[in-house]
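>>> Sharing a model prediction with you, sequence too.
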Amino acid sequence: MALQNIGASNKDDAFYRYKMPRMLTKIEGRGNGIKTNIVNMVDIAKALARPASYTTKYFGCELGAQSKFDEKTGIALVNGAHDTSKLAALLENFIKKYVQCYGCGNPETEVLISKKEMITLKCAACGFLSDVDMRDKLTTFILKNPPEQKKGGKDKKAMRRAEKERMKEGEAADEEMKKLKKDAKKKGASSKDTKKKAAGGGSDEEHATSPTHSQGADLAAAEDNSNGNQTGPKTTPYDELVEEIKANLGNAATAAQLKGVLSSSALPPKDVMHALFEALFHGVGKGFAKEVVKNKKYLSTAVPDEGSQMLLLQAIEAFCGKCSAEALKEVPVVLKALYDGDVLEEETIVQWYNEAVAAGKNSQVVKNAKPVVEWLQSAESDDEE
């Protein structure tokens, strides 16, 4: 069965873990009785954790045609002849409106109906509640045909099992894509280094004055200071590293080049990680999560092991301790994005959170991280069973 990533925004991500079958359709009948049969609607609906009647009805509402899903046979029909591509585009709209979290984009959400008959999507990952636009035609159908209430953890386990099965089918293809991407990155990095050397830009003189290669400059500065020739505020090695990272980012440095800058620093690893985070995200408010995703490759190269992952989490904690309220709200989305991007592992996130709670930390950063940690723990317990 051919699989694709859930959500159009994730279609090119070879490592995305949420997948669904590609839509298959068949035109049946002729004349006024012509219909389009969505052959694998049941499988698609299972992957999205939504009733197949919802997706079938949505097609009817958007196309202005009669639609019907037979619960007994699992057949989904829409009146008229419709292209697969057109129906697939409508399905993407359905996913955006009724499946994906409006906060982090995660498709693992639950449909909730309030006493006032308002529909919301509760994200299992970040805990965000997405308010569905009640002007949409499908909302009336959902209110009349509410989803079955989940009974304990059985439904979660069933969803996880189904997700595992889908992931196994696409695992081989994902591994191949991963290898191809790594090879492409290595070729790109080597070609850029070659061009830089050929251009002869910045050679030994720049290295001599660089903050991480400035022993002579430090001695000169120390001599000037001893003679009382202080002309301005003294910059620390930490400040110099932040500026060097910013300069490299401004010159569109590759992840490999930035890794060289970080590894050449004489500062403790914790300070290096904080410097990287400050250089990347200083002053960022609303849109913090998007910036993290945008700079994921730089963060990834700075965390080669579990110890580095803990340092990154501590850097996030320190940054959010002094950031704006808008950025602080996006902490669960940031953690989810770094987990999905394989920058942070679930064990490290859970360990960091548990240590913070055990230490009596009651900061808003730790509080905001709780929904993600609970989601990871529930997934881990399901896997063990």
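Perfect, thanks for sending it. Numbers count the residues shown, from 1 in each chain.

>>> which stretches of the stretch 151-300 of the chain have low pLDDT?
The model of the stretch 151-300 of the chain has pLDDT under 70 over residues 151-182, 184-233.

>>> which element is Thr120 on?
strand 119-123 (DSSP states H and E).

>>> Pull the residues that contact the following helix or strand past that strand.
Downstream of strand 119-123, the first helix or strand assigned by DSSP H and E is strand 129-131. Defining contact as Cβ atoms under 8 Å, 6 or more residues apart in numbering, one finds that strand 129-131 is touched by Cys101, Tyr102, Gly103, Thr109, Leu112, Met118, Ile119, Thr120, Leu121, Lys122, Cys123. C-betas here are computed from N, CA, C, even on glycine.

>>> Next: stretch 351-366.
Met310, Leu313, Gln314, Ile316, Glu317, Cys320, Gly321, Leu328, Val331, Ala369, Lys370, Val373.

>>> ok so, going back, want to throw the contacts of strand 129-131 into a markdown table with pLDDT?
A markdown table is the format used below for the contacts of strand 129-131 (pLDDT from 0 to 100):
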| residue | pLDDT |
| --- | --- |
| Cys101 | 91 |
| Tyr102 | 90 |
| Gly103 | 86 |
| Thr109 | 92 |
| Leu112 | 93 |
| Met118 | 94 |
| Ile119 | 95 |
| Thr120 | 94 |
| Leu121 | 94 |
| Lys122 | 90 |
| Cys123 | 89 |
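
>>> Taking those residues, please make a ChimeraX selection of just the buried ones.
In ChimeraX syntax, the buried subset of these is picked out as below (16 or more other Cβ atoms under 10 Å):
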select :101,102,103,109,112,119,120,121,122,123
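
>>> Between the contacts of strand 129-131, which sits nearest Ile349?
Taking Cβ to Cβ as the measure, Ile349 sits nearest to Cys123 out of the contacts of strand 129-131, at 16.3 Å.

>>> ok, that closest one to Ala45 distance?
Distance, Cys123 to Ala45, using Cβ to Cβ, to the nearest Å: 19 Å.

>>> How about Gln66?
Taking Cβ to Cβ, one finds Gln66 at 19 Å from Ala45.

>>> more crowded one of these two?
For Gln66 versus Ala45, neighbours defined as other Cβ atoms under 10 Å are more numerous around Ala45 (21 against 11).

>>> List the contacts of the more buried one.
Applying Cβ under 8 Å, 6+ apart to Ala45 gives the contacts Pro51, Ala52, Tyr54, Thr55.

>>> can you count the residues close to Ala302?
What Ala302 shows, counting by other Cβ under 10 Å, is a neighbour count of 24.

>>> Backbone torsions only: list them for it.
phi -90, psi -10 (degrees, to the nearest 10).

>>> you'd agree it is up against Gln309?
No: Ala302 is beyond contact range of Gln309, at 9.7 Å (criterion: Cβ atoms under 8 Å).

>>> List the contacts of the residue minimising distance to the centre of the chain.
Nearest residue to the geometric centre of the chain (Cα atoms, centre = their mean): Ala337, 2.9 Å. With contacts defined as Cβ under 8 Å, 6+ apart, Ala337 is in contact with Cys104, Ala289, Val292, Val293, Lys296.
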